[in-house]
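Student: 3D, please:
(one chain, ligands or ions: 2)
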Amino acid sequence: MKKSSLPFSREIEARNGSLVELRRDFHKHAELSFQEHRTAAVIAERIAAAGLEVRTGIAGPGVVGVLHGDKPGRTVAWRADIDALPISEAVQLPFASVNEGVMHACGHDGHTAIAITLAEILAERRADLPGTVVFIFQPGEEVVSGAKPMIEAGVLDDPPVECVLGLHLSARDPVGQVIVRPGPSMASADFFDVEIKGSGGHGAFPHLSVDPITVAAHILIGMQDLITREISAQETAVLTVGQVESGNKHNIIPDTAYLRGTIRTFRQEVRDQLVERLGSFASRIAQAYRAEARLHLTGEYCPPVDNDVDQTERVRQGAVAEFGEEAVTEGVPIMGSDDMSLFLKERPGCYFRVGAGFPGEVITHHQAHFRIDEAGLAVGLRLAMRSVLDALQP
Ligand SMILES: [Zn+2]
Ligand SMILES: [Zn+2]
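Tutor: Ligands and ions are numbered 1, 2, ... in the order given. Got it, this is the predicted structure:
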């Protein structure tokens, strides 16, 4: 990889070992969304020791650290998510999670370690630092509900943040590759339940019942036609049911059935259209079978990640200067969601991806065999440093 042109490149190299160690510590002590108490304590202790102003207990275990440079400049926020997932780790690692059934299977351990190390290096060089950096350590990203209460708690207002930056490690891209995409780059997310009410009875006498499972099956198969027949082919949308629940015995027709799923799109109009049509589609299919169906949206709507064009171009230029033209791509918009989008709705900014994958291996996030090439951490730290320093320039 290209040699770094960063002013603090020596510090980054010197801390590579401790960056990896810190990530392994968070990995070993993985904590679920809104239960990141040990994680938050380590973050607070480390950044307080580095000399940042620290606020804890924001949106539960959220932590904010404010670093004032001695020179004039802008105020920039760096956001890291800190939570793990309800997955039992299947990789044999010396630092595998000691919390049974909880695993850092998305890379947020790496995000947390990078943000702390970035804060420590910049704090040491505070005399040369223009402006103010606000470090936001957000809980509950995996349930897309940590960003909203942090914003409501005023983390972007005191001090007034002008730009928000952050990164996500990617096991699907090789180390050395960074993906910086202007505009919509991650999809919106809605979560829904379709509740189907029939009327139960003996499995041998279906004519005396209204079978909600049959209705659920017809809704499940038919709903994909909302994508293929009603959404323009130029648009992007996904409708997935991840959970079907009904009944408890071979020969009993149950009273109710549930379909639980998610809607992903890039435009509000498409999202609104799908939500409206899914509700009326489910209800009318159910009516045809003498049952009733209702659509319930559960949780908060998470908008698409929309990167500001100017801020993203700054990040891209920094990445090219740091790693060379061939290391930087725009990639494609991905259907995954991230509540970083809420920060980016409040302030212009950029959320970029940093490769941490093993060449030739297909590893997806959110699975028990998830792992990253830790060489990607230093790449992430370099680009985090570079993009923050560039954004701070008055
Ligand atoms: Zn995730
Ligand atoms: Zn993630």
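
Student: assess the claim that T214 and Y289 are in contact.
Tutor: Yes: here T214 reaches Y289: they are 6.5 Å apart, a contact under C-beta atoms under 8 Å. For every residue, glycine as well, the C-beta is placed using N, CA and C.

Student: give me the phi and psi for G376.
Tutor: Main-chain torsions, G376, degrees, to the nearest 10: phi -70, psi -20.

Student: for it, give me its contacts.
Tutor: When contacts are counted by C-beta atoms under 8 Å, 6 or more residues apart in numbering, G376 touches G110, L169, V175, V354, G355, A356, G357.

Student: now do it, the pLDDT please.
Tutor: Per-residue pLDDT puts G376 at 97.

Student: do you know the pLDDT at the closest residue to it other than its chain neighbours?
Tutor: In this structure, G376 finds its nearest non-sequential neighbour in A356, 2.8 Å apart by C-beta to C-beta, 6 or more residues apart in numbering. Turning to A356, the model gives it a pLDDT of 98.

Student: isn't A356 up against D109?
Tutor: No: counting by C-beta under 8 Å, A356 stays clear of D109, with 11.2 Å between them.

Student: I227 and E235 touch, don't they?
Tutor: No: the criterion here is C-beta under 8 Å, and I227 misses it with E235 at 9.1 Å.

Student: for the two, indicate the residue with more neighbours.
Tutor: Legend: neighbour count by other C-beta atoms under 10 Å for I227 and E235, higher for I227 (18 against 14).

Student: and the strand or helix carrying D25, what other elements does it pack with?
Tutor: Per DSSP states H and E: D25 is located in helix 16-28. For helix 16-28, the elements it packs on are helix 37-49, helix 108-124, helix 375-392, judged by 3 or more C-beta pairs under 8 Å, 6 or more residues apart in numbering; DSSP states H and E.

Student: so how far is the last one off the chain centroid?
Tutor: If I follow you right, that is helix 375-392. Averaging C-alpha positions (C-alpha atoms, centre = their mean, to the nearest Å) puts helix 375-392 19 Å from its chain's average.

Student: and stretch 346-357, by the same measure?
Tutor: Computed by C-alpha atoms, centre = their mean, the chain-centroid distance of stretch 346-357 equals 10 Å.

Student: what's the answer for stretch 73-93, then?
Tutor: Counting by C-alpha atoms, centre = their mean, stretch 73-93 is centred 9 Å from the centre of its parent chain.

Student: same deal with stretch 76-95?
Tutor: How far stretch 76-95 lies from its chain's middle: 11 Å, per C-alpha atoms, centre = their mean.

Student: then that stretch to PDB, C-alphas only?
Tutor: Output in PDB follows, covering the C-alpha atoms of stretch 76-95 (Å, rounded to 0.1, in the frame of the first residue of the first chain):
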ATOM      1  CA  VAL A  76     -16.800  18.100  12.800                       C
ATOM      2  CA  ALA A  77     -18.400  15.000  14.300                       C
ATOM      3  CA  TRP A  78     -17.000  11.500  14.000                       C
ATOM      4  CA  ARG A  79     -19.700   8.800  14.600                       C
ATOM      5  CA  ALA A  80     -18.900   5.200  15.600                       C
ATOM      6  CA  ASP A  81     -21.500   2.500  16.400                       C
ATOM      7  CA  ILE A  82     -20.600   0.200  19.300                       C
ATOM      8  CA  ASP A  83     -23.100  -2.700  19.600                       C
ATOM      9  CA  ALA A  84     -23.000  -6.400  18.800                       C
ATOM     10  CA  LEU A  85     -25.500  -8.900  17.600                       C
ATOM     11  CA  PRO A  86     -27.500 -11.900  19.100                       C
ATOM     12  CA  ILE A  87     -25.400 -14.500  17.300                       C
ATOM     13  CA  SER A  88     -23.300 -17.400  18.800                       C
ATOM     14  CA  GLU A  89     -19.800 -17.000  17.400                       C
ATOM     15  CA  ALA A  90     -18.600 -20.000  15.300                       C
ATOM     16  CA  VAL A  91     -15.100 -18.800  14.600                       C
ATOM     17  CA  GLN A  92     -12.300 -20.200  16.800                       C
ATOM     18  CA  LEU A  93     -10.400 -17.100  17.900                       C
ATOM     19  CA  PRO A  94      -8.400 -16.500  21.000                       C
ATOM     20  CA  PHE A  95     -10.400 -13.300  21.500                       C
END
